[in-house]
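Peer 1: Sharing a model prediction with you, sequence too.
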Amino acid sequence: MPRLTQSRSRPQNSHLRAVWGLITRQVRSATIQAELDSVLYALSFEAYERLKSENRPLHQALLSYVVTVMAERLGFASKVIGVLRR
């Protein structure tokens, strides 16, 4: 059976779940481990709401990024489902 794998060169996008929680107003939690020394930033719900009203271009860029990553994930999931149905 063909095996599908996600490219390791792509970011793992664990942070996307946190952004999704801001958009859907759901409390999210996760444990992640960085492969390299990293600088992390926190964005509270209140700060996200201010971002929406005070910096529309940045908010639109963030939403665009979320949509792009979600579309990639949906495409990958569709391929996996297709392989599993064979």
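Peer 2: Received, thanks. Residues are numbered from 1 along each chain as shown.

Peer 1: and the strand or helix carrying residue 77, how far out from the chain's middle?
Peer 2: Using DSSP states H and E, residue 77 maps to helix 56-85. Helix 56-85 sits 8 Å away from the centroid of its parent chain (CA atoms, centre = their mean, to the nearest Å).

Peer 1: Check which helices and strands it sits against.
Peer 2: Judged by 3 or more CB pairs under 8 Å, 6 or more residues apart in numbering; DSSP states H and E, helix 56-85 is in contact with helix 14-24, helix 45-54. For glycine as for every other residue, the C-beta is placed from the backbone atoms N, C-alpha and C.

Peer 1: Of all those, which one is nearest residue 65?
Peer 2: If you check each of the helices and strands packed on helix 56-85 against residue 65 by CB to CB, helix 14-24 wins as the nearest, at 8.1 Å.

Peer 1: Point out the most buried one among the helices and strands packed on helix 56-85.
Peer 2: helix 14-24 (a mean of 14; mean count of other CB atoms under 10 Å).

Peer 1: What's the mean pLDDT across that one?
Peer 2: What helix 14-24 shows for mean pLDDT is 70.

Peer 1: What ranges in this structure fall below the confidence cut-off?
Peer 2: 1-18 (pLDDT under 70).

Peer 1: what do you get if the cut-off is 50, keeping everything else the same?
Peer 2: In the predicted model, the chain carries pLDDT under 50 at residues 1-11.

Peer 1: coming back round to it: in the helix holding residue 77, what's buried?
Peer 2: If you call a residue buried by 16 or more other CB atoms under 10 Å, then helix 56-85 has these buried ones: 59, 62, 66, 69.

Peer 1: Next, format those as JSON lines and append distance to residue 44.
Peer 2: Listed next are the buried residues of helix 56-85 as JSON lines, based on distance: CB to CB, whole Å:
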{"residue": "59", "distance to residue 44": "15"}
{"residue": "62", "distance to residue 44": "14"}
{"residue": "66", "distance to residue 44": "18"}
{"residue": "69", "distance to residue 44": "22"}
